[in-house]
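Q: could you work out the structure for the sequence below:
(one chain, ligands or ions: 3)
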Amino acid sequence: TTQYRITLLPGDGIGPEIMLVAVDVLKVVGKQLDIRFEFQEALIGGAAIDATGEPLPPTTLEMCKDSDAVLLAAIGGYKWDNLPRHLRPETGLLGLRAGLGLFANLRPAKILPQLIDASSLKPEVVDGVDIMVVRELTGGVYFGQPKGIFTTETGEKRGVNTMAYTEAEIDRIGRVAFETAQKRQGKLCSVDKANVLEVSQLWRDRITQLATEYPDVELSHMYVDNAAMQLVRYPKQFDTIVTGNLFGDILSDAAAMLTGSIGMLPSASLGASGPGVFEPVHGSAPDIAGQDKANPLAQVLSAAMMLRYGLNQPIAADRIENAVLQVLDRGDRTGDIMSPGMNLLGCRAMGEALIEVLSGELTH
Ligand code: NAD
Ligand code: IPM
Ligand code: MN
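A: Numbers count the residues shown, from 1 in each chain. Ligands and ions are numbered 1, 2, ... in the order given. Sure, this is the predicted structure:
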């Protein structure tokens with residue numbers, strides 16, 4: 001038996017609802033494949049603020065460091081939106097990423113044939129789309145100094161953030177992206193704003209330089225405004241995309257919608273060593289929290305990414321991904337991916353459907 005210690009961070013909003021489903025799925029697959037999961041739960045985000053006064057208690061970071069992988073749901077909500085920046089749930093998430101050195105965020109957006117009708121784009125535009133966004137996660141304008149709200153000489157307030165990347169930061173995310181492209185279709189598109197920003201000029205220069213070490217990868221560059229447009233115009237042109245923290249945040253939400261719903265998109269946040277964090281691309285969805293309406297599939301697919309990228313258990317990962325395809329095949333849908341003639345399920349019922357399929361009891 002292989003045993004793993006997994007830290008669970010359910011967080012806020014729909015987080016606890018979707019986490020329950022993912023844990024149930026992991027337990028079933030673990031039992032079937034003789035993998036033992038030792039789950040330990042910790043506080044982050046608003047839940048941590050309410051309990052301890054801070055969004056990332058030191059014990060949470062310690063527990064995460066001391067585990068084989070971290071499964072995170074989502075953080076944030078209206079209740080904490082007016083707290084000072086250092087006490088906001090989002091600051092806890094950024095602290096977790098920085099604290100674990102998770103500079104590479106892999107966000108796959110793959111169209112499942114079962115969900116073509118759930119996309120807001122025409123079927124012929126989205127059919128066959130399979131994109132991997134490699135987002136830099138611990139640098140750029142999210143972390144650059146100086147930052148803050150300062151008072152000028154005239155007494156006016158001035159908000160400041162700084163977009164900055166060092167060569168070393170660009171090179172390490174660049175290498176992850178080239179290696180990712182090598183394992184896919186061998187095409188890499190680097191997205192920046194080099195026509196305006198110095199930080200992007202350096203980004204483009206370094207990525208271009210790195211390309212000489214990966215002659216089997218076809219590199220192209222695109223400005224971020226055009227990339228946003230091309231993603232909805234003709235998404236099939238993309239294979240692997242590499243970009244900075246903020247551009248990657250925005251483009252991955254856009255890419256998510258190609259697949260029908262942001263409720264379907266998982267991600268993996270990885271560092272040079274140590275445990276990764278596996279989390280959906282979406283947030284805590286406060287508008288539907290506590291109503292049993294959330295789509296748990298992004299969370300479940302994040303658990304599959306944890307098995308594949310974090311624990312090197314590809315068979316277990318395949319099993320979970322296949323179960324997701326099977327429930328979609330039988331027409332099970334949550335509200336966000338619902339289309340006429342399908343079975344509308346809540347979050348919990350979707351979890352039960354997954355367990356049923358995994359256990360081989362195909363009852364309907
Ligand atoms: P969001 O992703 O939470 O929600 C956007 C829309 O998508 C909402 O209408 C929501 O109902 C819907 N949605 C999201 N996930 C869904 C799911 N699994 N099933 C069905 N529908 C789903 O983004 P937002 O509303 O901009 O942000 C809400 C809060 O979440 C904010 O506090 C934000 O900071 C936080 N946030 C956290 C993370 C994270 O934890 N990684 C990511 C994004 C946003
Ligand atoms: C995400 C989120 C986070 C980000 C926020 C909540 C800090 O939007 O994971 O995509 O901007 O990285
Ligand atoms: Mn985001």
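
Q: show me where the stretch 51-200 of the chain has its strands.
A: 69-74, 104-110, 130-136, 144-151, 157-162, 187-192 (DSSP state E, counting those that start in this stretch).

Q: quick one: secondary structure of whichever residue of the stretch 101-250 of the chain sits closest to ligand 1?
A: Closest contact between the stretch 101-250 of the chain and ligand 1, by Cβ to the nearest ligand atom, is at residue 249 (8.4 Å). For glycine as for every other residue, the C-beta is placed from the backbone atoms N, C-alpha and C. Secondary structure, DSSP: H, G, I helix; E, B strand; the rest coil: residue 249 is helix.

Q: residue 39: which of the strands of the stretch 51-200 of the chain is closest?
A: strand 69-74 (8.6 Å; Cβ to Cβ).

Q: hmm, that closest one in reach of ligand 2?
A: No: judged by Cβ under 6 Å from any ligand atom, strand 69-74 makes no contact with ligand 2; its nearest approach is 8.0 Å.

Q: got the phi and psi for residue 204?
A: phi -70, psi -40 (degrees, to the nearest 10).

Q: likewise residue 165?
A: Per degrees, to the nearest 10, the backbone of residue 165 is at phi -140, psi 140.

Q: and it, how many neighbours?
A: By the measure other Cβ atoms under 10 Å, the count of residues near residue 165 is 23.

Q: hang on, it packs against residue 202?
A: Yes: the criterion here is Cβ atoms under 8 Å, and residue 165 meets it with residue 202 at 6.5 Å.

Q: can you tell me which of the strands of the stretch 51-200 of the chain is most buried?
A: Among these, ranked by average contacts under mean count of other Cβ atoms under 10 Å, first place goes to strand 69-74 (a mean of 28).

Q: could you spell out the sheet neighbours of it, each with its direction?
A: The pairing partners recorded for strand 69-74 under DSSP bridges are strand 2-11 (parallel), strand 277-280 (parallel).

Q: who touches that strand?
A: With contacts defined as Cβ atoms under 8 Å, 6 or more residues apart in numbering, strand 69-74 is touched by 4, 6-16, 18-19, 22-23, 44-45, 64, 93, 96, 100, 275-280, 282-285, 299, 302-303, 306, 310-311.

Q: thought residue 51 was touching residue 43?
A: Yes: between residue 51 and residue 43 there is a contact under Cβ under 8 Å: 5.6 Å.
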